[in-house]
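Colleague: task: produce atomic coordinates for the following.
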Amino acid sequence: MVQERQSQQDYFRTILRTVVGQAFDAAGYHFKQAPLQWAGGKYRFTKSLDNDLYGLIDFQVLVYTENMWSSGMPSRFRVQLTRSDDPNGKPTPHDQYASRTLSQLVVVDFGVNILPSADHWWTYQDTDSLGKGLAEAGHLIVGYGMPWLSGDLVPPEKSA
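Modeller: The predicted structure is shown next:
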């Protein structure tokens, strides 16, 4: 079962790089080689930003393999965006430190109801649904996440 989950995570990494890799590379985000994190289902793209800050885009995947507890359950992933003065994205007291899931940023901060909820996980059961989910997330990352990480796009103020 561990071997099957590992091959599913390798599959996710391959499709991830195929769908968003070129766009992220063009934007200056580099895929981090981290096999230990990959084994836990975490895949990271990083970029050095201005003012000694780093932008981090993390994909966390939960792979469900067929067994008596998860029969028919789709695998899922979500995206975490972090801006930090720590290259590993750890929380710091820096005044520009920020960390949000992509769905929180889009739905709550920007008020765009394009996703079902602020706690959204993209689900997939095959290559087609994985590709479509990664493409949707990739478009939102390029449109909202990357400009937010760099400080070029700021959510509107919420009126009281």
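Colleague: point out where the protein drops to low pLDDT.
Modeller: 1-6, 66-71, 158-160 (pLDDT under 70).
Colleague: pull the residues that contact the lengthiest helix in the chain.
Modeller: Counting residues, the longest helix found in the chain (DSSP state H) is helix 2-26. By Cβ atoms under 8 Å, 6 or more residues apart in numbering, the residues outside helix 2-26 that reach it are 30-31, 38-39, 41, 43, 45, 57, 59, 61, 63, 65, 75, 77, 127, 130-131, 134-135, 137-138, 141-142. C-beta coordinates here come from the backbone N, C-alpha and C atoms, glycine included.
Colleague: C-alpha coordinates for stretch 114-123, PDB please?
Modeller: Extracted C-alpha coordinates of stretch 114-123, given in PDB (Å, rounded to 0.1, in the frame of the first residue of the first chain):
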ATOM      1  CA  ILE A 114     -15.600  31.200  -8.000                       C
ATOM      2  CA  LEU A 115     -14.900  28.300  -5.600                       C
ATOM      3  CA  PRO A 116     -17.500  26.400  -3.500                       C
ATOM      4  CA  SER A 117     -16.000  27.500  -0.200                       C
ATOM      5  CA  ALA A 118     -13.000  29.200   1.600                       C
ATOM      6  CA  ASP A 119     -11.900  25.700   2.700                       C
ATOM      7  CA  HIS A 120     -11.800  24.200  -0.800                       C
ATOM      8  CA  TRP A 121      -9.900  21.100  -1.800                       C
ATOM      9  CA  TRP A 122      -9.700  20.200  -5.400                       C
ATOM     10  CA  THR A 123     -10.700  16.500  -5.900                       C
END
